[in-house]
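1. Provide a 3D model corresponding to the input given below.
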Amino acid sequence: MEQKKLVAQAIVDATDGQLSLDEVMSKIEVPKSYDLGDYAFPAFILSKVYRKAPQQIAPELVEKIDQDGFDKVEAVGPYVNFFLDKKSFSKNVLAAILQKKEGYGQQDLGHAGNVPIDMSSPNIAKPMSMGHLRSTVIGNSLAELLKKANYNPIKINHLGDWGTQFGKLIEAYKLWGSEEEVRKDPINTLLKYYVHFHEVDEKQPELDDEARAWFKKLENGDEEATNLWQWFRDESLKFFKSIYQKLGIDFDSYNGESFYNDKMDEIVDLLEQKNLLQESRGAEIVDLEKYGLNPALIKKTDGTTLYITRDLAAALYRYRTYNFAQSLYVVGNEQTNHFKQLKAVLKEMGYEWADNIHHIPFGLITSGGKKLSTRKGNIILLEDVLNDAVDLAKKQIAEKNPDLPNKDQVAEDVGVGAVIFHDLKNERLNNFDFNLEEVVRFEGETGPYVQYSHARAMSILRKAGNIDLENAQLAGLNDEESWEVVRQLSNFPAMVGRAVEEYEPSVIAKYSIRLSKSFNKYYAHTKVLTDDDQKDSRLAMVASVAIVLKESLRLLGVNAPNEM
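-> Numbers count the residues shown, from 1 in each chain. Below you'll find the model as predicted:
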């Protein structure tokens, strides 16, 4: 950013202030080819000012530009191309990283504002499938990115712990369940009952009435229904926390749907006071025609409330509790219309803060092109995938580095990291088909490749011995091999800013792959430990790569082992 400002200031000075620094900054481009320089300024925007063709303006600007701090500045067609002074630039970038360490890329976009993040949210009494992975790891990465940009993220696991499915589960347990069987293997047993209920229900639809009756009892505080529900919830939470621990993810709140049960009457009262409720075929709705949306169904004909009523209560509770700068919902793409309705109803209620609510949608993980479904038993268990990935990492380590210290921990870091990274390198709106071999692939553009690049950098530093790089007199680097790495390192703060602005962790995942490739190419062509006047600068660059790769992986929720 400092170098970009240097370029922009040179243009401002050469045009005698005809353009502001911000105007120039917004127009500066990074050429696709290094032959065209490090930055380029398009002279088109000065055509009206000088009443000349941009091809004439560009060489005239070059004549006026003070070239101090640049290797050269040249005109190519309508562009002014700037080639940075490699030695000076690399020295500044490396010194900044070595001084700031993991604080490199830190910025104050959020001014410590609170950002609740609604994420993960599995359903009680069902195992976590690969379908839950996306919301969990995208939400966690966004929390780390927001923290890096000086927001205060609050991770909320809005558990699916209420609704008619609990009536179904209780009915299934009463018909076919056994306490002993549930205690032995709670989640898989409860899932078996739930799937069996739907199989039988297709032939005996009267089971639905029994299930509804049990849920009604639960809503009314019936002791047996409440005790069963609490038992199912406690066992589920124990299981979920074991998965989260494996993923290295924690939460600030586990307030699920049941938490808002006593908060929905206020929402209905507020809607009535504001004359927003209308009757439609016995149900109560809020008309959203002016927003181009279908009506929001607040109460069904039987008086029961719906998801949107609960989400309205949750939104109001979170605003009152956290006075949020933003409120994020990391929920699948198929819920887009629901969140449009949620924001529209809040706007109709007069809450301007509804503009700060953002749905962060993401695409599906499918299997064989089909959506994963718990009801039909078509699921891929997240626990199994994580265990398989760790086992594969163990095999790789046994083949390539059997004497590796802490190899079990490294296998955990690499296996679990492979699964997280594979998800996050995909742009979040894209669907992708799940394939175990692809998820745990250790070659190509993968998490283990980035982890290995970090470990390689650490290995070089260990071989170099104790060198005080922070206080070393860096000569700077100007060879072509190092230039690509330095440029990538200098881009990291901008990548963090972009990832935060776009709510897009894949920006960081893809960046870490590019940096790893540049570094590995450099390593293949350069003898880093050769004793000469640039040795300290080369080691400073290696140390900087290690710092930035480790920080990139941390922002994704992936650990970076020092040895692999």
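
2. Could you use CA atoms for every contact and neighbour count after this?
-> Will do.

3. Give me the three-state assignment for the residue lying closest to Leu228 once chain neighbours are set aside.
-> The shortest distance from Leu228 to any non-neighbouring residue, by CA to CA, 6 or more residues apart in numbering, is to Ile170 (7.2 Å). At Ile170 the chain is in helix, as set by DSSP: H, G, I helix; E, B strand; the rest coil.

4. Tell me which residues touch Ile170, please.
-> Ile170 sits next to Ala211, Trp214, Ala225, Leu228, Trp229 when contact means CA atoms under 8 Å, 6 or more residues apart in numbering.

5. Then Leu46?
-> Pro54, Ile57.

6. go on, Leu474?
-> Lys91, Gln534, Asp536, Ser537 are the contacts of Leu474 under CA under 8 Å, 6+ apart.

7. Now do the second one against Asn520, distance only.
-> Right, the one you point to is Gln534. 19 Å (CA to CA, to the nearest Å).

8. circling back to that earlier point, so which of the contacts of Leu474 are in helices?
-> Lys91, Asp536, Ser537 (DSSP state H).

9. What is the burial count for Thr526?
-> Neighbourhood size, Thr526 [other CA atoms under 10 Å]: 13.

10. on that earlier part again, which PyMOL command selects the buried ones in the contacts of Leu474?
-> In PyMOL, a selection of the buried entries from these looks like this (16 or more other CA atoms under 10 Å):
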select buried, resi 91+534+536+537
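
11. Show me the domain layout of the chain.
-> 2-84, 114-263+303-366, 382-556 (automatic domain parsing).

12. could you give me the average pLDDT of the longest one?
-> pLDDT averaged over domain 114-263+303-366 equals 94, rounded to a whole number.

13. Kindly report the same for the first one.
-> Averaging pLDDT along domain 2-84 gives 91.

14. The last one now?
-> Here domain 382-556 scores 92 as its mean pLDDT.

15. what's the distance between that domain and the middle of its chain?
-> 18 Å (CA atoms, centre = their mean, to the nearest Å).

16. do the shortest one as well
-> Remark: domain 2-84 is offset 35 Å from the chain centroid, using CA atoms, centre = their mean.

17. same check, this time on the longest one
-> Once both centres are worked out by CA atoms, centre = their mean, domain 114-263+303-366 turns out to sit 20 Å from its chain's centre.

18. and the end-to-end length of that domain?
-> 34 Å.

19. Same question for stretch 435-447.
-> 16 Å.

20. who's in contact with it?
-> With CA under 8 Å, 6+ apart as the test, stretch 435-447 has contacts from 367, 385, 389, 392, 414-415, 417-422, 448-449, 513.

21. Kindly list the longest helix within the chain.
-> Max-length helix for the chain by DSSP H is helix 223-247.

22. Count the residues that sit near Val137.
-> Around Val137 there are 26 residues (other CA under 10 Å).

23. which SS class is it?
-> Classified using three-state DSSP, Val137 is helix.

24. what's the spacing between it and Gln335?
-> 18 Å.
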